[in-house]
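1. Everything below, folded, please.
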Amino acid sequence: ELRLGQKLPVKLLFIGSGYADAIGVVCSAQRDVAEDPDGASRPTLTLGLCFTNMDIRDIRYLERMVARKVSACRQQEREAEYL
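-> Okay, here's the model as predicted:
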């Protein structure tokens, strides 16, 4: 059972670049039910985590990855507006 404020050990995997160990503090949790392609229902859990106890090198790498992804998403949105 998860609760707000609970600390979880986390290993963030960076595809092609290794990993970072951190502590994830549960900031939010939402339970839901999703439907599989075959029509079966399954429970899902979405967690909001605040990462702590990370090496500064890993923090900077994660910031760059997020910035790159946000930039690509915004570019796609701009391109979609022209269609």
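2. Now do the contacts for Met65.
-> Phe14 (Cβ atoms under 8 Å, 6 or more residues apart in numbering). The way it works is simple: take the backbone N, C-alpha and C, and place the C-beta from them, glycine included.
3. Could you look up the SS state of it?
-> Put simply, Met65 is helix when judged by DSSP: H, G, I helix; E, B strand; the rest coil.
4. any idea how far it is from Ser17?
-> Distance, Met65 to Ser17, by Cβ to Cβ, to the nearest Å: 9 Å.
5. What's the mean pLDDT across the lengthiest strand in the chain?
-> Of all the elements of type strand in the chain, the one with the most residues (DSSP state E) is strand 18-35. Strand 18-35 shows a mean pLDDT of 90.
6. just stretch 5-15 next, same as before
-> 89.
7. Buried ones in it, by neighbour count?
-> 10, 12 (16 or more other Cβ atoms under 10 Å).
8. what distance separates that stretch from the centre of its chain?
-> Chain-centre distance of stretch 5-15: 10 Å, with Cα atoms, centre = their mean, to the nearest Å.
9. Same check on stretch 60-74?
-> 12 Å.
10. Quick check: mean pLDDT of it?
-> Mean predicted lDDT for stretch 60-74 stands at 86.
11. No further questions, thank you.
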